[in-house]
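>>> Sequence and predicted structure below; questions after.
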Protein chains: 2
Amino acid sequence: MTRRFEFEKLGQDGKARLGVIRSPRGEIRTPAFMPVGTAGTVKAMMPESVASTGADILLGNTYHLMLRPTAERIDRLGGLHKFMNWDKPILTDSGGFQVMSLSNLRKMSEEGVTFKSHIDGSRHTLTPERSMEIQRLLGSDIVMCFDECTPFPADPKVSMESMRLSMRWAQRSREAFGDRPGHALFGIQQGSIYRDQRERSAELLKAIEFEGYAVGGLAVGEGQDTMFEVLDYAPDMLPEDKPRYLMGVGKPDDIVGAVARGIDMMDCVLPTRSGRTGQVFTRHGVLNIKNARHQDDPRPVDESCSCPACRNYSRAYLHHVFRAQEMISGMLLTWHNLQYYQDLMQGMRGAIAGGTFDQFQSDFHAQRAQGDIEPL
Amino acid sequence: MTRRFEFEKLGQDGKARLGVIRSPRGEIRTPAFMPVGTAGTVKAMMPESVASTGADILLGNTYHLMLRPTAERIDRLGGLHKFMNWDKPILTDSGGFQVMSLSNLRKMSEEGVTFKSHIDGSRHTLTPERSMEIQRLLGSDIVMCFDECTPFPADPKVSMESMRLSMRWAQRSREAFGDRPGHALFGIQQGSIYRDQRERSAELLKAIEFEGYAVGGLAVGEGQDTMFEVLDYAPDMLPEDKPRYLMGVGKPDDIVGAVARGIDMMDCVLPTRSGRTGQVFTRHGVLNIKNARHQDDPRPVDESCSCPACRNYSRAYLHHVFRAQEMISGMLLTWHNLQYYQDLMQGMRGAIAGGTFDQFQSDFHAQRAQGDIEPL
């Protein structure tokens, strides 16, 4: 096993890239989907079950963990991997996005952001330097720069100011991160939907140099069409030989479209959150398990799926335990959804390797159009 | 594998009995503890995980299942075993106890009981005949007679009338059960705390003949001392060559005391319910995982326990996920508690086999007195 963090591109089909990230904690096959383990657990899952779906890496949320149980406590207990019993790579976000979406009474300045915890109202400060410190204490393998996620919509002037602030914070993040072999720091491109700002952001990040680059500020309400318009050019501005990460994406068709545009890594709470609300992802679209039409249905959700929900239970059972609010409902449906997402990634990796990614995309959309679809 | 239902006593130490129940769906080692799977799931557990703890049999609740998803639906879907993915034996209660404790607007008569569902207010009737039909539709391996659980306290006259009604219902249950090789019907002794009534109840049941006998009407608020007083004589009134089941018991020390008095089978929601409320059973007593003293504790709950909670996680982690209300808290603590209960049963079976049950009891109580105990 390598002691360094490195990315190797193994193939390409159109703009879709096949690759592998090697790190001391294991390999990450790309395109990769990262399940979200917000507070030290992928909700409703045992970590060994998450690994069994094919996940090579998890995402942890700095904001949640710094508030509870605190980064210092996790460090004393041996780091996040040991704490949550996950020995493969972990990527942590910087905390910035959740501060804006979850906390109260925020105050932004050049220095950073001061906010009140949504849990107990206690006051905290996040700066690039503090975010790097927290992510180091957690033991994160892939650390994200502290940035401001530019809201959408933002007029060009607002977006430019926000992007420039994030780039100054990227420089401070790089300096604070220091020299940590085997660990990676990713820069985050901003610039909203403005091509010239995306270009400028990419140039500034490349000048600083990172082990990987994220496309930030998308999946914030702009819609798939607009997101794809930006992804038609934004990833191409980033270095060819480094992984490209699209943050917070997304629905299965978002993911396929992002990979088609040169994205290597993604994360989203959708498969796990949907698992708890009874939304089930399948090749043919989304099933809403609480719908009464499932109550006598002896069929599995998807006879071709290898997850325990599909191997061992009928739709009728899954409907029953959802209606009865039993925990096994969230456990089984989350497992299934994560399996569906990882199977989707594996399918794309195979198609890129075989030079059949266009066909894969056509089949993906045709199957979903076929039927048994309930809107999400 | 046998096609019949049979009990073999393999050993005895004092009054404590070692045995095995053989049935078409597998063997049940006794003394046995049956986890409760109320609504088609042992809450927070995958069934394969329940089996991994050493459980040979589950209990299902007729009352809950008849209301949702209904016995007829479970029958159409292939029976409860297939529905909930558990291929080992299942014991179902008769529904009578839950009707009295959970439903609304009950009306009792010689015929049976009419009540309103606690879920949707719909009207239902349970009689000995209907209870037998429901338990047959579920596919239960061990069927319980429909009875009235005599409340506590009950004066001798009330208790006598209640016991006599239950004995008439036992006769009707036996007739309605019919001839079902490989399946068992258990009679239920009543008589509250009155020795003469317990004797009379046992005589009436033995005259009817059952494949097993339960001691009913205990663990309903009478306290451990009173329960043990009754258990000092009640099990001895039941046939030596049939399994004896103490319903709804109990705490670990209740269980040890019951086995010492000749009980072979027990069930209780305590290990599963406690798992969801942060009460953790250990050799040294009960830990309350939400207590702040655990927040920095790197030790497992019990270093000698083989469950995933103890093998893979610190008390600090278990404290954190409980406080964060993460589902993995209930999943891990339930698993641990069920493992503790099954290890306790395995320990007692070994001690009875080795003729050291007295020593086992002394050690059990001494370890609990030693420390690290928080009251339940």
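Cool, the structure landed. Since the structure is predicted, the reported quantities are computational estimates derived from the model, not experimental observations.
>>> Now the closest residue to A:Cys307 other than its chain neighbours. Its backbone dihedrals?
Leaving aside its sequence neighbours, A:Cys307 sits nearest to A:Gln339 (C-beta to C-beta, 6 or more residues apart in numbering or on different chains; 3.9 Å). To be clear about C-beta, it is placed using only N, CA and C from the backbone, and glycine gets the same treatment. Backbone torsions for A:Gln339, taken as degrees, to the nearest 10, come to phi -60, psi -40.
>>> hey, where'd the strands end up in the stretch 101-250 of chain A?
A:104-108, A:113-116, A:123-126, A:142-144, A:184-189, A:212-215, A:244-246 (DSSP state E, counting those that start in this stretch).
>>> what about chain A, any weak spots by pLDDT?
For chain A, applying pLDDT under 70 flags the ranges A:1, A:371-376.
>>> Now with 80, please.
By pLDDT under 80, the low-scoring segments of chain A are A:1, A:105, A:370-376.
>>> Geometric centre of it: which residue is closest?
Centroid-nearest residue in chain A: A:Asp267, 1.3 Å away (criterion: C-alpha atoms, centre = their mean).
>>> can I assume it is in contact with A:Gly60?
No - A:Asp267 lies out of contact with A:Gly60 (C-beta atoms under 8 Å); the separation is 10.3 Å.
>>> Show me whatever sits in contact with both of those two.
Residues within reach of A:Asp267 and of A:Gly60 at once, by C-beta atoms under 8 Å, 6 or more residues apart in numbering or on different chains, are A:Leu91.
>>> Run through the residues of chain A sitting next to chain B.
Taking C-beta under 8 Å from any C-beta of the partner chain as the contact definition, chain A meets chain B at A:39-41, A:43-46, A:68-69, A:73, A:76-78, A:83-85, A:295-296, A:298, A:308, A:312-314, A:316-317, A:319-321, A:323-324, A:326-328, A:330-331.
>>> which residues touch the residue of chain A most remote from its centre?
Centroid-distance maximum for chain A: A:Asp296 at 35.9 Å, with C-alpha atoms, centre = their mean. A:Asp296 is in contact with A:316, B:73, B:76-77, counting by C-beta under 8 Å, 6+ apart.
>>> Quick check: the gap between it and A:Tyr317.
Look at A:Asp296 and A:Tyr317: by C-beta to C-beta, to the nearest Å, they are 11 Å apart.
>>> Find the residues that touch each one of the two.
The contact lists of A:Asp296 and A:Tyr317 share B:Leu77, where a contact means C-beta under 8 Å, 6+ apart.
>>> for A:Arg29, what are its contacts?
A:19-20, A:56, A:345, A:349.
>>> Next, it: secondary structure please.
Classification of A:Arg29 using DSSP: H, G, I helix; E, B strand; the rest coil returns strand.
>>> What of A:Gln12?
From three-state DSSP, the assignment for A:Gln12 is strand.
>>> Quick check, it in contact with A:Leu18.
Yes - A:Gln12 is in contact with A:Leu18 according to C-beta under 8 Å; the separation is 6.9 Å.
>>> Touching both of these two, which residues are there?
By C-beta under 8 Å, 6+ apart, the residues touching both A:Gln12 and A:Leu18 are A:Ile352.
>>> And for A:Ser109, the neighbour number?
Here the number of neighbours of A:Ser109 (other C-beta atoms under 10 Å in any protein chain shown) works out to 10.
>>> now A:Gln370
Using other C-beta under 10 Å, A:Gln370 is surrounded by 11 other residues.
>>> Could you do A:Lys251 as well?
17.
>>> which residue ranges form the strands in the stretch 251-376 of chain A?
For the stretch 251-376 of chain A, strands defined by DSSP E, counting those that start in this stretch occupy the ranges A:265-267, A:279-282, A:285-288.
>>> how about a markdown table for the ones you listed, with distance to B:Arg283 added?
As requested, the strands of the stretch 251-376 of chain A are arranged in a markdown table below (distance: least, C-beta to C-beta, whole Å):
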| stretch | distance to B:Arg283 |
| --- | --- |
| strand A:265-267 | 42 |
| strand A:279-282 | 42 |
| strand A:285-288 | 45 |
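>>> tell me the most buried of these?
Comparing the strands of the stretch 251-376 of chain A on average neighbours per residue, with mean count of other C-beta atoms under 10 Å in any protein chain shown, the densest one is strand A:265-267 at a mean of 25.
>>> Partner strands of that one, with direction?
Applying DSSP bridges, strand A:265-267 is found paired with strand A:32-34 (parallel), strand A:244-246 (parallel).
>>> So which of those is nearest B:Ala258?
strand A:32-34 (50.1 Å; C-beta to C-beta).
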